[in-house]
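[1] After the sequence you'll find the predicted model.
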Amino acid sequence: MRHTLYLRGLRQVNHTVFAVADGQKTYRDPITGRPQAYSSGQQVKRSLLDTFADELGQERAPVTFYKVLDKGSLKDREPHSACDPAYPDQLIGGWMRAEKRSGDDKGGRPIRRRAPISVSAFRPLHPTLASVDTEEALTFDRRDSNPATNKVIVRDPKGNPVSDEDLDAFLSDNNQTLRRLNFLAPQKRAHGLFVYDVAVDLRRLFSVSMADEDPELDSSTIEKLKGEGWDEVGTTLVAPSEMQEQIIPALAYALLHWTITSNQSRTFSPMPPLAVALADRADKIAVAIRADLGEAALRRPSAQVQFDSVGDNSLFVTPVARGVMPEVEADVNAMDRAQAEIERRLRAYDYGAA
């Protein structure tokens, strides 16, 4: 029996950005030297868990953020999550709590649960099949609108209004006008074919360890879960079958349909799926969806998308893929079939024997 379900997804990305705070993240491909856009595995996992919670119709587990005000500076301390697998997003996403308190209170024993899903970065399928471009400078322009409702206010560095006399003198001396216009800094945008990989550890998907070494639960949570119908199997607690059946369809949906929620409104891309591959070995998903170098690789590197089925119900190709492989066999219901197959594989595993 294989204990891991591997998934690779291929998506098309058009003129978008995967993050907002610091712009598009990039790394440099060591062979071609080209910058490559990517979204971190952490961001993909966050997006996947958000989609999972939405599909369940539940809010994510509560988190308390602690801050310390010291010498005029507000400093972050470790957030405190519930550390309770009764919350589905905690069961799937894991947790860690290592409290550090002041004085004689040393906090509780650290507890951590490594998530049963491992998520890769969302990155180009091949360096030649994706690009990251710098968008020309944008403007925020209100020059053609009513001046009475779109005013220009000028202040000094301390926030005080500048007098009309001083402002007129500055504009005259510097040959300038007050424009209702701001220039926005150029931004990087991602394009191309991107893949992500997910490994689902079935032994731990619905099981939480009670082992004393490197504990996942505190004693009070263990007793609470037992009272809520969790089965004690050796040194683990296994989620009730009703909870498993509730989670499986939502997880299967999230694995396929997660979206980057931090996507900027003016650069939205639906990131449509081209194909999804499933396997019980990591090498098979890498073979099923890949890019092969062309004959002219040494002179001008180029690559073509390749799909290979590595087993029954293991490769699902949507019609979007015909944009890069015109002759490929595709199915308008490919994603629905992929979700049904993921659900079948998750239900087929004997979690009580793990």
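    Ah, there it is. Model, not experiment: these values are computed from the prediction. Numbers count the residues shown, from 1 in each chain.
[2] just the helices in the chain please.
    41-56, 88-93, 164-174, 202-205, 219-227, 241-257, 282-288, 334-348 (DSSP state H).
[3] Could you save the ones you listed as TSV and add columns showing mean neighbour count?
    For glycine as for every other residue, the C-beta is placed from the backbone atoms N, C-alpha and C. Shown next, in TSV, are the helices of the chain (neighbours: other C-beta atoms under 10 Å):
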stretch	mean neighbour count
helix 41-56	19
helix 88-93	22
helix 164-174	10
helix 202-205	20
helix 219-227	14
helix 241-257	19
helix 282-288	17
helix 334-348	17
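[4] weakest of those by average pLDDT?
    Of all the helices of the chain, mean pLDDT reaches its minimum on helix 164-174 (a mean of 91).
[5] hang on, the earlier thing: tell me which of the helices of the chain sits nearest to Lys188.
    helix 41-56 (15.7 Å; C-beta to C-beta).
[6] Quick one: work out the angle between that closest one and helix 241-257.
    Relative orientation of helix 41-56 versus helix 241-257 (axes from the mean of the first three to the mean of the last three C-alpha atoms, to 10 degrees): 120 degrees.
[7] Alpha carbons of helix 41-56, as PDB, please.
    In PDB, the C-alpha atoms belonging to helix 41-56 read as follows (Å, rounded to 0.1, in the frame of the first residue of the first chain):
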ATOM      1  CA  GLY A  41       4.700  27.200  -1.400                       C
ATOM      2  CA  GLN A  42       3.500  29.000   1.700                       C
ATOM      3  CA  GLN A  43       1.300  31.400  -0.300                       C
ATOM      4  CA  VAL A  44      -0.100  28.500  -2.400                       C
ATOM      5  CA  LYS A  45      -0.800  26.500   0.800                       C
ATOM      6  CA  ARG A  46      -2.500  29.600   2.300                       C
ATOM      7  CA  SER A  47      -4.700  30.000  -0.800                       C
ATOM      8  CA  LEU A  48      -5.500  26.200  -0.800                       C
ATOM      9  CA  LEU A  49      -6.600  26.300   2.800                       C
ATOM     10  CA  ASP A  50      -8.700  29.400   2.200                       C
ATOM     11  CA  THR A  51     -10.500  27.600  -0.700                       C
ATOM     12  CA  PHE A  52     -10.800  24.500   1.500                       C
ATOM     13  CA  ALA A  53     -12.500  26.500   4.300                       C
ATOM     14  CA  ASP A  54     -14.800  28.300   1.800                       C
ATOM     15  CA  GLU A  55     -15.900  25.000   0.300                       C
ATOM     16  CA  LEU A  56     -16.700  23.600   3.700                       C
END
